[in-house]
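*Asks:* need coordinates for the following:
(2 chains)
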Amino acid sequence: MSELTLLVLQLGFLLLLWVFVFAIVYSLRSDLFGQRVRKLQPDAAAASAGPAPAASATAPTSAVSKPAPPPAAGGGDATSDNASRLVITSGAKSGAEFPLGRDEITIGRSSDSAIIIRDDYTSTHHARLMLWNGRWMIQDLDSTNGTFLNGSRVTVPMPIPLGATVKVGATTFELRR
Amino acid sequence: MTDRSAARAPERAPATGSVRRIRMPQKLRNLELGLLIVACVINAGAIVLVQLGALGRIDTQLVLLGAGLSVLVFGLHVAMRFVARDADPFLLPIATVLNGLGIAMIYRIDIAYGDAGWESAAVRQIVWSVIAIVAALATILLIRNHRTLFRYTYLSGLIAIVLLLLPLVPGLGQTRGGARVWIGIGDLVTFQPGEIAKIALAVFFAGYLVRNRDSLSMVGRTFLGMRFPRGRDLGPLLVVWALSMAVIVFQRDLGTALLYFGLFLVMLYVATSRLSWVVLGLSMFFAGAIIASQTLDYVNGRFQNWLNAFDPAVYDAQGGSFQLVQGLFGLANGGLIGTGLGQGRPDLTPVPQSDYIIASLGEELGLAGLFAILALYVLFVARGFRIGFAGQDDFGKLLGVGLSFVVALQVFIVVGGVTRVIPLTGLTTPFLAAGGSSLVANWIIVALLLRLSDTVRNHPRLVIDG
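*Replies:* As a prediction, the model looks like this:
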């Protein structure tokens, strides 16, 4: 094996190492943590796919699920049995859905919240939804601008009726079947 | 999105039967597969280049052994397709490349020493890698959610203490290179329990700080623009400080002490976001280290070797700076692109396959290769931090940050020691250096980070930009 061949092989090996490094860096570029958004309107889904390609990496393609019939107004309290999703009714992402599981859902500006709302009216840790004896409750976490349930400010944890409007900053949402 | 949520979907959807289950292509896993293939090509290439450079021919035996290792890594990958589909796709390929480069370099040292068969450190390293990857696989399969670890906070604290004390047990503990950090029966099977202890400590610190951080962060007096904690809240810091000092005095291991103490300080800082803890902790550690350097011979020797490495008296002394200076000469000999794998003389430095593997790699791969390796470490640690920060629960956050910081600090202590930035202390380079316990511990860290990233991504989220 001549010295020149070995030198060429060595350079090739170093090149391969750096190709590996840059392959990782290149993939990292698009690998921001996925945002899971279920959309009702197909046009909204298309709009969000543009600016956030990372979302499409992990977001479900089941976004095209059928819009459910509008909820019966004045239904009873939302429980783990009768409520299955949280629907944004006004604000930047109007129409977006969030599945309700059994975990509590934190709402705020910080990136560790389950529902992240980045606007001027939302506090870092604004409010949270939690299951209390099977009922969905909303609790305000000492937010600056308050959380409103059907127009009245939430001071103590309150049960959320199905279809009732909850307002956090400029965003409103309701719990639906 | 995974099957888990897909399975939930039919309950939500109207029962028309028109909603078909859509199987998501596993983009992350496919990306990982691609990177793993490149990683295995790099590893095989490294071994072949070593053989061409040092022997002048290709010996298929070791290439086959290395291929067996690749099969195992792919096994881990396939397992993750089922149990951790949304895990981070970069950790596994990075760990594979580092592990493989380590094996190639250890094999190169074996050739220089003329070791073969079970005498060969490379064969032992491959066997340990197999054990380590199986341990990682077991970790991923057993721990389905990192929050289960939260329940065992105090148990893992106890395990860490027991593991740390094991080498001091007469008959079981062994002293090597001045440090009493080994356990083993004869020379046959030896293990460094401190390596596993660092994982247990990270779990313990994370759990403990999540439970108690309010009292550590909320109260205190302001002094010099920083809020200092109350005297009675200093307990945990003092305990960990005493623990690290005990490691310095009784186990004669400077690096490990620095590692544990640094881990605790960083996790404390992340948990409380108060700089005063770091200031207090660092001044305590440096005070302790300075006292130790005045009173303990071996610490003083390390400082002398570091400050006056090129003094002929220090260079020639027993336990002097010979090793450090040889390592530096090796790095200088490597230059920009290195001498080529198998063509340098890394064997002139004592222990070139474990403590000094960075110098050996630096000599044969040069600055270009060494920086590629450091870049891989940076990416690994950055991914770990990212996983930690993205976590929704505080325990996961602290654990992610703690585990990746352990790797970062260890690399800094080793590379800093070899390149004479800080005094040299005997720690293993994660994934690269010859040593079974270190490999097992670091692969378990990989497994925990993978599990953590999978949980984090599986958590549903919605982002609304106003």
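
*Asks:* what's the closest non-adjacent residue to the residue in the stretch 101-250 of chain B that chain A sits nearest to?
*Replies:* Nearest residue of the stretch 101-250 of chain B to chain A (C-beta to the nearest C-beta) works out as B:Leu101 at 8.5 Å. Every residue, glycine included, has its C-beta placed from N, CA and C. Here the nearest residue to B:Leu101 in space, its sequence neighbours aside, is B:Ala46; by C-beta to C-beta, 6 or more residues apart in numbering or on different chains that works out to 5.8 Å.

*Asks:* for the stretch 51-200 of chain B, give me the ranges with low pLDDT.
*Replies:* Counting by pLDDT under 70, the stretch 51-200 of chain B has low-confidence residues at B:117-118, B:176-179, B:185-189.

*Asks:* residues from it in reach of chain A?
*Replies:* Within reach of chain A by C-beta under 8 Å from any C-beta of the partner chain, the stretch 51-200 of chain B has these residues: B:Leu52, B:Gly53, B:Gly56, B:Asp86, B:Pro89, B:Phe90, B:Pro93, B:Ile94, B:Val97.

*Asks:* now these: which count as buried?
*Replies:* Under a neighbour-count criterion of 16 or more other C-beta atoms under 10 Å in any protein chain shown, the subset of those counted as buried comprises B:Leu52, B:Gly53, B:Asp86, B:Pro89, B:Phe90, B:Pro93, B:Ile94, B:Val97.

*Asks:* returning to what we had before: and the two most separated of the residues of the stretch 51-200 of chain B next to chain A?
*Replies:* Checking those against each other with C-beta to C-beta, the farthest-apart pair comes out as B:Gly56 and B:Asp86, at 47.0 Å.

*Asks:* who does A:Met130 form a beta bridge with?
*Replies:* When bridges are taken as DSSP bridges, the partners of A:Met130 come out as A:Met137.

*Asks:* show me the contacts for it.
*Replies:* Each residue near A:Met130 by C-beta atoms under 8 Å, 6 or more residues apart in numbering or on different chains is listed here: A:Glu104, A:Ile105, A:Trp136, A:Met137, A:Gln139, A:Pro157.

*Asks:* same list (those residues) but as JSON lines, adding neighbour count and pLDDT.
*Replies:* Listed next are the contacts of A:Met130 as JSON lines, based on neighbours: other C-beta atoms under 10 Å in any protein chain shown; pLDDT from 0 to 100:
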{"residue": "A:Glu104", "neighbour count": "15", "pLDDT": "77"}
{"residue": "A:Ile105", "neighbour count": "22", "pLDDT": "85"}
{"residue": "A:Trp136", "neighbour count": "23", "pLDDT": "88"}
{"residue": "A:Met137", "neighbour count": "19", "pLDDT": "89"}
{"residue": "A:Gln139", "neighbour count": "17", "pLDDT": "89"}
{"residue": "A:Pro157", "neighbour count": "14", "pLDDT": "89"}
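
*Asks:* ok, so of those, who is nearest chain B?
*Replies:* Relative to chain B, and with distances defined as C-beta to the nearest C-beta, the nearest of the contacts of A:Met130 is A:Ile105, at 8.7 Å.

*Asks:* ok, B:Val203 - contacts?
*Replies:* B:Val203 makes contact with B:Leu149, B:Tyr152, B:Thr153, B:Ser156, B:Leu399 under the criterion C-beta under 8 Å, 6+ apart.

*Asks:* pLDDT value on the nearest residue in space to the second one that is not next to it in sequence, please?
*Replies:* Distance criterion C-beta to C-beta, 6+ apart; nearest residue to B:Tyr152, sequence neighbours excluded, is B:Val203 at 7.2 Å. Among the per-residue scores, B:Val203 shows a pLDDT of 94.

*Asks:* over to A:Phe22?
*Replies:* pLDDT recorded at A:Phe22 is 92.

*Asks:* just the element for it, please.
*Replies:* A:Phe22 is part of helix A:3-29 when elements are defined by DSSP states H and E.

*Asks:* give me the number of residues near the one residue in chain A that gets nearest to chain B?
*Replies:* The minimum distance from chain A to chain B, using C-beta to the nearest C-beta, falls at A:Asp119 (2.4 Å). For A:Asp119, the count of nearby residues is 15 (other C-beta atoms under 10 Å in any protein chain shown).

*Asks:* quick check: it touching A:Ala170?
*Replies:* Yes. Look at A:Asp119 against A:Ala170 with C-beta atoms under 8 Å: they come within range, at 5.3 Å.

*Asks:* residues in contact with the most centrally placed residue in chain A?
*Replies:* With distances taken as C-alpha atoms, centre = their mean, A:Ile115 lies nearest the centre of chain A, 4.7 Å away. Remark: with contacts taken as C-beta under 8 Å, 6+ apart, A:Ile115 is in contact with A:Leu86, A:Phe98, A:Ile105, A:Thr106, A:Ile107, B:Arg461, B:Leu462, B:Val463, B:Ile464.

*Asks:* count of neighbours near B:Arg144?
*Replies:* 13.

*Asks:* and it, what does it touch?
*Replies:* B:Val83, B:Arg451.

*Asks:* from A:Asn82, how far out is it?
*Replies:* 30 Å (C-beta to C-beta, to the nearest Å).

*Asks:* and B:Asp214, by the same measure?
*Replies:* Applying C-beta to C-beta, one obtains 37 Å for the distance of B:Asp214 from A:Asn82.

*Asks:* ok, now B:Ala136?
*Replies:* Applying C-beta to C-beta to B:Ala136 and A:Asn82 gives a distance of 43 Å.

*Asks:* ditto for A:Asp103
*Replies:* Computed as C-beta to C-beta, the A:Asp103 to A:Asn82 distance reads 18 Å.

*Asks:* and for A:Ala23?
*Replies:* Here A:Ala23 is placed at a distance of 49 Å from A:Asn82 (C-beta to C-beta).

*Asks:* ok, B:Gly288 next?
*Replies:* Counting by C-beta to C-beta, the gap from B:Gly288 to A:Asn82 is 61 Å.

*Asks:* neighbour count: the two, which is higher?
*Replies:* B:Gly288 (18 against 15).
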